[in-house]
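1. From the sequence below, what's the structure:
(chains A, B and C)
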Amino acid sequence: MTAALTALPTAFEAVKVDYAAVGPMLVVVAAALIGVLVEAFAPRLLRHTIQVVLTLTALVVAFVVLVLVSVDHHGVTVGGSIVIDGPALFMQGSLLIFAVLGILTMSERFGGRSADAFTPMGAATPGSPAEAAADRAGYATSEAFPLTMFAVFGMLMFVSANDLITMFVALEVLSLPLYVLTGLARRRRLLSQEASLKYFLLGAFSSAFFLFGAALLYGYAGSSDLSKIASAITTANGDLEGLLLPGVVLTLVGLLFKIGAVPFHSWTPDAYQGAPSPVTGFMAAATKLAAFGAILRLAYVGLEASRLEWRLGVAAIAVLTMVVGAVLSVTQTDIKRLLAYSSVAHAGFILVGVLAFDRTGVSGVMFYLVAYGLATIAAFAIVALVRSGGSEATHLSQWAGLGRKHPVLAGIFALLLLAFAGIPLTSGFTAKFAAFAPAIAHGGLAGVVMVVVGVLASAVTAFVYFRLIVLMYFTEPTGDDVAALTPSIASTIAITVGALGTVILGIVPGPILDLAGRVSQFIQ
Amino acid sequence: MSNPYVPILFLLALGFVFAAGSVFTSLVVGPKRYNRAKSEPYECGIQPSPRAEGGGRVPIKYFLTAMLFIIFDIESVFLYPFAVAFDQLGLFALVEMVMFIITVFVAYAYVWKRGGLEWD
Amino acid sequence: MSTLLSLHEAAGTFSESALHGIQTLAAEGKDNPRADFSDTPWWLSLVKALIIFVYLLVSTLMVIWFERRVIGRMQQRPGPNRNGPFGLLQTLADGMKAMLKEDNTPAKADRFVFTLAPLITATMCFIGFAIIPLAGEVSMFGHRTPFQLADSPIAVLFVLAIAGIGIYGVVLAGWSSGSPYPLMGGLRSSAQMISYEIAMGLSLVAVFLYSGSMSTSQIVGSQGSVWYIVPAFFSFFVYVITMVGETNRLPFDLAEGEGELTGGFHTEYGSMRFAMFFLGEYINMFTVAALATTMFLGGWQAPPGIAAINDGMFNEGWWGLLWFTIKLWMFMFVFVWLRGSLPRTRYDQFMRFGWKFLIPATLGWVVLVAFFRGAQNGWFGDAALEIAGRRFPVSSLAIVGLVAVGALAFGWWWDNRAMAREAAANETAPEEIDPYAGGFVVPPLPGQRLRETARVGAPALPEADPVTERPSGPAVFDFTDKEAPRG
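-> Take a look at the predicted model:
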């Protein structure tokens, strides 16, 4: 017995890697590593510029590689741990676009020497002389850019992970940099550190849940490969049936945490509020997309055969998420917390599309994620511009009368709010339609119930957004010195792209909907 | 003897019995003369300095060392199976391992240049 | 079971067909069987455990006497010579005395952990020795058994793991004493041990590359033709340094540092609990030395000349114990020699050496050895040169050449930098100095003149004292020469 075991590893075969298929990921991780070296060796004054140029170039190159090369290399690669198929490519492409927009907003300097959103020295005690000295000496945490790139790498891997181990590694690679980024806000340091710690602790819990569930599924199927789990479910003789449902539930808990579904949402408002606003925007758009990509793959490739056992539970979570997200957003007085609860509600809306279990559901979800992500990045970029006494004016009362002082900015923000509310002619409407229609068509009674709740919840959130618009345009400004800073070209591009995307996806959604529909087939 | 770790337990038991036995014996046969000064922290004969509850704070330097230790210890543990199976793994694994070492070296260079390896 | 067997067969056929070429090239280490414990009943294991235990205790008693005698000789005094012949029983007498002392527990200590810590140290130090082969196969009570308590495919990793647990003893002792010196000593000591453990672990990788195994018996077996100290000389060099660091011995005994920490983590300990730390330290010395013997010096095998006598007569059975013990005590002498001749290093120098030299250098060395092995296996082409009857692959010669060029280039760069630094340091001081430059009074160096200032006691920096009345007009203030570069 021992002899047999020790003799086994004599055979080794190198895994086949389709470098063209994973090219975008390699470009991104290489740029991240070079970014770390830049932090180590480049002179302090040049770092910001080098980092921004490097990350943007790498992201664009990765996108070009994705569009020109990887699209022709569908298939399972890297020893079965990565799968490049239609949904993976679509979501990787969207992630890269989000990352470009996110980096553009993060690079905002407002005429200073380093990125305005990030603290000069994360390790210094908030408000201490060391912090002030670090600021004077021109310190800057331009590590934020390589960290973002590592997170992007994790996300790219997350949406294309074909087995649970890779998925877990990707989950960690995308989460850890985000925990750090959350704690790097330049202003309100204590809030930021608290947010970072909360996010980290709860995230570590959810990772543990995911890992435990993955272990149970491995015990059930004898493999962590999603397609092998799928075939194990269809051919199982019932011996290990007790492992399946707990495994499914625990892995889904881990993933639902990342999208901020109720009751795993409690980190969302704190982390969104404490993180630097550009990071919040990136996190809200990209993390949500990546996590939904993983949920889609897990649900559609791995666990579809057992869906009758867990679908209703997830449907209940979706309903709860929509209701809680919508109702709690009514009571918020802080703009970032409001957007956080709105993102919780949106997670519920998207879950409705996921539970359709049809190709149209996949395309609807992907379209929703793109529409929501573009609007969110732009919205948080605008939040970062509105200042009072140097720091962000996030209390709702401070936004009163903003439309009179800054009509263009407030106009764009109002447009984005309309999109969040799902008003026709904005991307929000088409997105909600794309996500809800499959649920009615293929979701049965549960689908109809979810859509009804979804529409009601949308109405509630719409009230919140309209109240904010009224506040901006039809309320007298308070005596505060609230003013919007003039964005640099980078932020302007990000906001413009977000707003234009919102309009275009609302008026002519056809091309993107078609594309999402064409690529919505997973490789089993 | 199928399990190679059972004999190690024998040695473990011997060692523990010896250590615990000696300590216990000395407790029994040794003298006991109470003196308040003897139970104070030893600080070269002067009055002990007051100390924060729970041991006070430990310099952050040690935590940093511990984290760096984890990174590099994991690296060396990854190198072990690679080294043992080197001949069977072939050129592919050699190239992969060089890539891996380079990746860790990037982090090492960062820590070095940012002063993480300095003791002041 | 049957599936395992079929898997085994499948793997076997696969390896025969696909890996045949590589296997013929593979190191001789592959063919060395692991120690065979099939003829070892459980009671024999117990006997062997007892023998190893006694061997270690006796060795400890001996080495403390040995250390004191040798250091005595080095310092031109006799050392302990009263108890027993040549003072051999001195350690035993010290041990008995320790046992009869009061075992005091400080009031602020955490009583349970305070007792647990020495027990961890004293227990864990023994079991590292379990996988060390003290000799080859011997007859014992009618059974043929390897003179080694246990062996496993990850034996060396096991020793390192046990060494890691041993650190707990030190940390817990320092923490539980409830006193500043032990706390600092415990922290320092643990930081020191983990720092040097990395380099130690990395240095062993080169040996695994050559032996293709982590089992100690196989590693000894594969050193039949040449001891690994020759091909892995740099690893040996690093290992010896780190083993001194790991055991907290001079010149690296910073954890105890009597001058600064009065004794480090065991300041508050006395009597037998202190003796347990003492015992642990010495047995750890034996363990790391035994590992060095096993990994680099051929373990229990006879030295090359003697091994050839009479068809390997001295290379079998109980003779192994003799060679092993001799090699072990060579290391013990080195430990004592170092202690007798070197002063303690400074803590920052010690850590800098470990982190900035040992780790990167050892990693580079591992990569180099890996490429050498690859060249030997013919992965970079089959071309080879015949020199003095031995085949040298061209690629490995190329690697040697590249490394030599790289080393030369690095040396040149390093020298240039050192020269530039020296030039910067030796810049001759100006002949005349302004004693008030920079705002502080600076005394002149030998050979320097003080510059006469306008008014004695007035600040030399004009901007430092703007309100003081001065003779107006630049011509008055701009007296002699270079006034600008100050400050």
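2. what are the ranges of the helices in the stretch 201-350 of chain A?
-> In the stretch 201-350 of chain A, helices defined by DSSP state H, counting those that start in this stretch lie at A:226-235, A:241-259, A:267-274, A:277-282, A:288-297, A:307-330, A:335-354, listed in chain order.
3. Report the buried residues of the longest helix seen in chain B.
-> The longest helix of chain B (DSSP state H) is helix B:86-113. The neighbour-count criterion (16 or more other Cβ atoms under 10 Å in any protein chain shown) identifies B:86-90, B:93-94, B:97, B:101, B:104-112 as the buried residues of helix B:86-113. Using the backbone N, CA and C atoms, a C-beta is placed for each residue, glycine as well.
4. Just the helices from the stretch 1-150 of chain C, written as ranges.
-> Here the stretch 1-150 of chain C has its helices, by DSSP H, counting those that start in this stretch, at C:2-18, C:20-25, C:42-74, C:90-99, C:111-127.
5. do you know which of the ones you listed lies nearest residue A:453?
-> Taking Cβ to Cβ as the measure, those were each checked against residue A:453, and helix C:2-18 came out nearest at 51.1 Å.
6. sorry, back to before: ranking the helices of the stretch 1-150 of chain C by burial, who's on top?
-> Mean neighbour counts were taken over the helices of the stretch 1-150 of chain C using mean count of other Cβ atoms under 10 Å in any protein chain shown, and the top value, a mean of 22, falls to helix C:111-127.
7. on contacts alone, who are the packing partners of that helix?
-> Here helix C:111-127 touches helix B:6-29, helix C:42-74, helix C:155-176, helix C:271-296, going by 3 or more Cβ pairs under 8 Å, 6 or more residues apart in numbering or on different chains; DSSP states H and E.
8. does chain C sit close to the longest helix of chain B?
-> Yes. Using Cβ under 8 Å from any Cβ of the partner chain, we find that helix B:86-113 touches chain C at B:86-88, B:90-91, B:94, B:97-98, B:101, B:105, B:108, B:112.
9. Who are the packing partners of that helix?
-> Under the contact rule (3+ Cβ pairs under 8 Å, 6+ apart), helix B:86-113 is packed against helix A:23-41, helix B:60-84, helix C:20-25, helix C:359-376.
10. again, only this time at 10 Å
-> Applying 3 or more Cβ pairs under 10 Å, 6 or more residues apart in numbering or on different chains; DSSP states H and E, one finds that helix B:86-113 contacts helix A:23-41, helix B:60-84, helix C:20-25, helix C:180-211, helix C:359-376.
11. Out of those, name the one with the poorest average pLDDT.
-> Ranked by mean pLDDT, the helices and strands packed on helix B:86-113 end with helix C:20-25 in last place, scoring a mean of 36.
12. buried stuff in stretch C:125-145?
-> Per 16+ other Cβ under 10 Å, stretch C:125-145 contains these buried residues: C:125-138, C:140, C:145.
13. what's the answer for stretch C:101-113, then?
-> Taking 16+ other Cβ under 10 Å as the basis for neighbour counts, the residues of stretch C:101-113 that come out buried are C:101, C:103-106, C:109-110.
14. which one of the residues you listed is nearest residue A:268?
-> Comparing the buried residues of stretch C:101-113 against residue A:268 with Cβ to Cβ picks out residue C:110 as the nearest, at 41.2 Å.
15. separation between the closest one and residue C:375?
-> Per Cβ to Cβ, to the nearest Å, residue C:110 is found 56 Å from residue C:375.
16. could you pull out the helices for the stretch 351-487 of chain C?
-> In order along the chain, the stretch 351-487 of chain C carries the following helices (DSSP H, counting those that start in this stretch): C:359-376, C:394-425, C:474-477.
17. Same question for the first one: list its buried residues.
-> When you say that, I think you mean helix C:359-376. Of the residues in helix C:359-376, those scored as buried under the neighbour-count criterion (16+ other Cβ under 10 Å) are C:359-363, C:365-376.
18. burial count for the closest residue to residue C:434 other than its chain neighbours?
-> In this structure, residue C:434 finds its nearest non-sequential neighbour in residue C:451, 5.0 Å apart by Cβ to Cβ, 6 or more residues apart in numbering or on different chains. By the other Cβ atoms under 10 Å in any protein chain shown criterion, the neighbourhood of residue C:451 contains 18 residues.
19. was I right about residue C:451 contacting residue C:432?
-> Yes. In this structure, residue C:451 is within contact of residue C:432 by Cβ atoms under 10 Å, at 5.1 Å.
20. ok, now which ones touch the one residue sitting closest to the centre of chain A?
-> Chain A has residue A:287 as the residue nearest its centroid, 2.0 Å off, counting by Cα atoms, centre = their mean. Contacts for residue A:287 (Cβ atoms under 10 Å, 6 or more residues apart in numbering or on different chains) come out as A:95, A:98, A:151, A:154-155, A:158, A:174-175, A:178, A:258-260, A:343, A:373.
21. next one: residue A:480
-> A:388-389, A:393, A:395, A:397-401.
22. What of residue A:123?
-> Taking Cβ under 10 Å, 6+ apart as the contact definition, residue A:123 lies against A:130-131, A:134, A:141, B:60.
23. Tell me who's in contact with the closest residue to residue A:401 other than its chain neighbours.
-> The spatially closest residue to residue A:401, leaving aside those adjacent along the chain, is residue A:477, at 3.0 Å (Cβ to Cβ, 6+ apart). For residue A:477, the contacting residues are A:398-405, by Cβ under 10 Å, 6+ apart.
24. Which positions within stretch C:378-388 qualify as buried?
-> Of the residues in stretch C:378-388, those buried (16+ other Cβ under 10 Å) are C:379-380, C:384.
25. Nearest to chain B: which residue in the stretch 151-300 of chain A?
-> In the stretch 151-300 of chain A, the residue found nearest to chain B is residue A:153; the distance is 12.2 Å by Cβ to the nearest Cβ.
26. angle of the host helix or strand of that residue against helix B:86-113?
-> Element membership for residue A:153 (DSSP states H and E) is helix A:144-159. If you take axes from the mean of the first three to the mean of the last three Cα atoms, to 10 degrees, helix A:144-159 sits at 150 degrees to helix B:86-113.
27. Just want the angle from helix A:144-159 to helix A:23-41.
-> For helix A:144-159 and helix A:23-41, the angle between their directions (the same axes, to 10 degrees) works out to 160 degrees.
28. Counting by contacts, list what helix A:144-159 packs against.
-> Applying 3+ Cβ pairs under 10 Å, 6+ apart, one finds that helix A:144-159 contacts helix A:23-41, helix A:44-68, strand A:82-84, helix A:86-106, helix A:164-182, helix A:277-282, helix A:288-297.
29. at 8 Å instead, please
-> Other helices and strands packing on helix A:144-159, by 3+ Cβ pairs under 8 Å, 6+ apart, are helix A:23-41, helix A:44-68, helix A:86-106, helix A:164-182, helix A:288-297.
30. possible to save those helices as CSV with mean neighbour count?
-> Formatted as CSV, the entries for those read as follows, by neighbours: other Cβ atoms under 10 Å in any protein chain shown:
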stretch, mean neighbour count
helix A:23-41, 21
helix A:44-68, 18
helix A:86-106, 26
helix A:164-182, 22
helix A:288-297, 26
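31. Of those helices, which is nearest chain C?
-> Nearest to chain C among those is helix A:23-41; the distance by Cβ to the nearest Cβ comes to 14.1 Å.
32. That closest one and chain B in contact?
-> Yes. Helix A:23-41 comes into contact with chain B (Cβ under 8 Å from any Cβ), by way of A:33, A:36-37, A:39-41.
33. Tell me the one of those nearest chain B?
-> Of all these, the one with the least separation from chain B (Cβ to the nearest Cβ) is residue A:40, at 3.9 Å.
34. And that closest one, how close does it get to residue B:90?
-> Distance from residue A:40 to residue B:90, counting by Cβ to Cβ: 33 Å.
35. Over to residue A:394?
-> In this view, residue A:394 and residue B:90 are 58 Å apart by Cβ to Cβ.
36. host element of the residue of the stretch 151-300 of chain C found nearest chain A?
-> Scanning the stretch 151-300 of chain C for the residue nearest chain A gives residue C:153, at 6.2 Å (criterion: Cβ to the nearest Cβ). Using DSSP H and E, residue C:153 maps to neither a helix nor a strand.
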